[in-house]
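>>> how would this look folded up:
(chains A and B)
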Amino acid sequence: MNRQQMKRVSPYSVCALFLSFFAAQIAVADGQVAHVQDWLRRMAKAAHTLNYDGTFVYSYDNRMHAMRLIHSADSTGERERLVSLNGPAREVVRDHDLVTCILSDNRSVLVENTRPAKQFPPTFPVHIHALNAYYTFTAHGVERMAGQEAQKISIRPRDKYRYGYHLWVDRKTGLLLRTDLLNGEDQPVEQFMFTDIHYLDDVPDKLLEPGISGREFTWYEPQEPREDTRPEVRHWHVEQVPAGFSLDVYRTHRMASGKAPIVHMVYSDGMASVSVFVEKLSKETDTLLGSSRVGAINAFGRKLKGYYVTVVGEVPQATVMLMGQSIEHKP
Amino acid sequence: MMTDFNEKLSCFLDGELSSHEEQRMLDRLRHDEALQVRWERYQLISDALRNNLPSVAMRDLAGRVSEALKSEPVVLAPRRLRLRVGKLAKQVAGVGVAATIATVAVLMVQSGSEVADQGQGAMVASVSAPANRSTDVTPVNVRESSEVQSKLSPYIVNHNEYSVSAGMQGMMPYMRIVSYPAHEPATDETR
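So this is what the prediction gives:
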């Protein structure tokens, strides 16, 4: 439905809004889980199928950042562009399976081949019933976000190894309009919220092209495209993972600018994911040792038997540390 | 005089010196620390232009080098260097050149660690130490400097592409890379 049509039927959509509001209230009373599951399914689909141009704020640790996100999807695939609107000029551009991060303050450009489009995270779409042991799911009422009616959903963890979420999903389109990621004390670790969103019929190419050429910057690109294998013999094992987390992916991959292939393991409980990277220790490698955090992403690094282990995930520090400290090499 | 020397250094980088001159340059490089640092910079520029930086450490160095270059009266015009490197790349880097670069790489790694240490010192000096608010566990040490975060970027990119949140939110997770603070070392180590 384009915008003009929407204007024309506006009296009806007001009625529809009331009806859907009551429908939401009824749904809250029964079948919470199934209801939330439907919303999450819609949300996951919307993230990859809509055309839009929106502005959002992202905040963590008393920092605030405004960004613009443009997304387009057609039969050939997805294109996206994320542009920082304050602070250093930075952009991330996805052109189908190529992600380019242009970081003007580092004068560098990072290019990575992404997961092949067909291989969505294997645990998706979410099976909430399986997650009930680790999270509680609640559908709340309708709130207004970026001028749209949004369904609020809460997902709370039952232990300290995962974060909680408040999600606001556009009732018309299914697009995620706001997220609060919450720690064990229910305090937001990070938040993002659209302040302005325009759904488009078509996205002009120009909007999806990087505004920074980056031509004079340092480029880090994979030497050979998509060197990504799934080895049969797995030498690395994480001995202790929080209940509900299981191994989704075990691959070897040559990162942009990396000399030797690294082992990349992805663990997930269906909501949150943790990546474990193992790479050979080399003289000139200088990587994280100890803990670090970027917004809701916690990271932990250590050396082990001539290798560097780096664990990152949108999970609490306890989780990355537990996994990082219990990794073992079995010949 | 200096320009001549830089010219030579540039030729050396491009493998255009005679073997006698190469030997003299290597001898000088071994004994002149300042020259080692400069050589490292040229080497990095060259590597950068060939999209050939080897590691995370080098990547950070490259950032610092370009910072330094901004304030340095560059005698050797980068544009010229770019042309030369382009030529070099087309030559598919002859064996002689590769050998030269390999020899010098040893010096490069040594002086590289010096530069890194200086950077670290500067970072500690300007610590502003916000409290670490995570209460999940007692952290061993929490490093939140932009330097560490930029180091993590390649990992986060790879993580994002395989994480469930990417499935649900598309490119939203990249907001974490786009927003990490620039040149604003927060804490180095909080115990």
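>>> hey, which helix or strand in chain B has the poorest pLDDT?
helix B:95-125 (a mean of 33; mean pLDDT, DSSP states H and E).
>>> flag every buried residue along stretch A:131-147.
Residues of stretch A:131-147 classed as buried under the neighbour-count rule (16 or more other Cβ atoms under 10 Å in any protein chain shown) are A:131, A:134-135, A:137, A:139, A:142, A:145-146. For every residue, glycine as well, the C-beta is placed using N, CA and C.
>>> now for those residues: which two are most distant?
Using Cβ to Cβ, the pair of the buried residues of stretch A:131-147 lying farthest apart is A:Tyr134 and A:Ala146, separated by 30.4 Å.
>>> name the helix or strand for B:Gln23, please.
Per DSSP states H and E, B:Gln23 falls inside helix B:19-31.
>>> quickly list what A:Leu82 is bridged to.
A:Leu69, A:Val92 (DSSP bridges).
>>> pull the number of nearby residues for it.
24 (other Cβ atoms under 10 Å in any protein chain shown).
>>> these two touch, right, it and B:Tyr174?
Yes - A:Leu82 is in contact with B:Tyr174 according to Cβ atoms under 8 Å; the separation is 5.3 Å.
>>> anything in contact with each of these two?
A:Val92 (Cβ atoms under 8 Å, 6 or more residues apart in numbering or on different chains).
>>> still on that earlier bit, dump the helix holding B:Gln23 to CSV, restricted to CA.
Output of helix B:19-31 as CSV, limited to C-alpha atoms (Å, rounded to 0.1, in the frame of the first residue of the first chain):
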residue,chain,number,x,y,z
SER,B,19,72.4,-4.5,-5.2
HIS,B,20,75.3,-2.4,-4.0
GLU,B,21,73.1,0.5,-3.0
GLU,B,22,70.6,-1.9,-1.5
GLN,B,23,73.3,-3.3,0.7
ARG,B,24,74.3,0.2,1.8
MET,B,25,70.7,1.0,2.6
LEU,B,26,70.3,-2.1,4.7
ASP,B,27,73.4,-1.3,6.6
ARG,B,28,72.2,2.1,7.4
LEU,B,29,68.8,0.8,8.3
ARG,B,30,70.3,-1.6,10.8
HIS,B,31,72.1,1.2,12.7
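>>> tell me the mean pLDDT for that helix?
Helix B:19-31 shows a mean pLDDT of 75.
>>> one more: stretch A:247-262?
Averaged across stretch A:247-262, the pLDDT comes to 79.
>>> centre of the chain to it, how far?
19 Å (Cα atoms, centre = their mean, to the nearest Å).
>>> likewise for stretch A:96-116?
16 Å.
>>> same check on stretch A:184-191?
17 Å.
>>> cool, stretch A:155-172 as well?
Per Cα atoms, centre = their mean, the centroid offset for stretch A:155-172 relative to its chain is 13 Å.
>>> list the buried ones in it?
Applying 16+ other Cβ under 10 Å to stretch A:155-172 flags A:155-157, A:160-172 as buried.
>>> which of those come close to chain B?
Counting by Cβ under 8 Å from any Cβ of the partner chain, A:Lys160 from the buried residues of stretch A:155-172 sit close to chain B.
>>> of the buried residues of stretch A:155-172, closest to A:Val266?
Once Cβ to Cβ is applied, the member of these that ends up nearest A:Val266 is A:Arg162, at 15.2 Å.
>>> how is the closest one assigned, secondary-structure-wise?
The local conformation at A:Arg162, judged by DSSP: H, G, I helix; E, B strand; the rest coil, is coil.
>>> hang on, it packs against A:Ser273?
No - counting by Cβ under 8 Å, A:Arg162 does not reach A:Ser273; the two are 10.5 Å apart.
>>> ok, the buried residues of stretch A:155-172 vs chain B, which is closest?
Nearest to chain B among the buried residues of stretch A:155-172 is A:Lys160, at 5.7 Å by Cβ to the nearest Cβ.
>>> roughly how far apart are that closest one and A:Thr319?
Applying Cβ to Cβ, to the nearest Å, the value for A:Lys160 to A:Thr319 is 8 Å.
>>> any low-confidence regions in chain B?
B:1-3, B:12-15, B:33, B:37, B:39-150, B:167, B:182-191 (pLDDT under 70).
>>> ok, the residue lying closest to B:Ser163 once chain neighbours are set aside - contacts?
Ranked by Cβ to Cβ, 6 or more residues apart in numbering or on different chains and with sequence neighbours excluded, the top spatial neighbour of B:Ser163 is A:Ser273, at 3.6 Å. Counting by Cβ under 8 Å, 6+ apart, A:Ser273 makes contact with A:121, A:248, A:266-267, A:313-314, B:159, B:162-165.
>>> and with 7 Å instead?
A:266-267, A:313, B:162-165 (Cβ atoms under 7 Å, 6 or more residues apart in numbering or on different chains).
>>> look up phi and psi at it.
Phi and psi for A:Ser273, reported as degrees, to the nearest 10, are phi -130, psi 150.
>>> show me the beta-bridge partners of it.
Going by DSSP bridges, A:Ser273 forms beta bridges with A:Ser268.
>>> if we can go back for a sec, among the buried residues of stretch A:155-172, which two are most distant?
Greatest spacing in those, by Cβ to Cβ: A:Lys160 and A:Lys172 (36.4 Å).
>>> get me the contact residues on the stretch 51-200 of chain A for chain B.
A:58, A:63, A:65, A:67, A:69, A:71, A:80, A:82, A:84, A:87-88, A:90, A:92, A:94, A:99, A:101, A:105-108, A:110, A:112, A:114-115, A:120-121, A:123-124, A:160, A:176, A:184, A:192 (Cβ under 7 Å from any Cβ of the partner chain).
>>> give me the buried entries from the residues you listed.
Buried subset of those (neighbour count, 16+ other Cβ under 10 Å): A:58, A:65, A:67, A:69, A:71, A:80, A:82, A:84, A:87-88, A:90, A:92, A:94, A:99, A:101, A:105-108, A:110, A:112, A:114-115, A:120-121, A:123-124, A:160, A:176, A:184, A:192.
>>> in strands only, show me the residues you listed.
A:58, A:65, A:67, A:69, A:71, A:80, A:82, A:84, A:90, A:92, A:94, A:99, A:101, A:108, A:110, A:112, A:176, A:192 (DSSP state E).
>>> now do the third one, the pLDDT please.
Read that as A:Met67. With respect to pLDDT, A:Met67 has a value of 94.
>>> Provide the secondary structure category for B:His159.
Using three-state DSSP, the structure places B:His159 in helix.
>>> what's near enough to touch it?
Neighbours of B:His159 in contact, by Cβ under 7 Å, 6+ apart: A:275, A:312-313.
>>> again, only this time at 8 Å
A:266, A:273, A:275, A:297, A:312-313.
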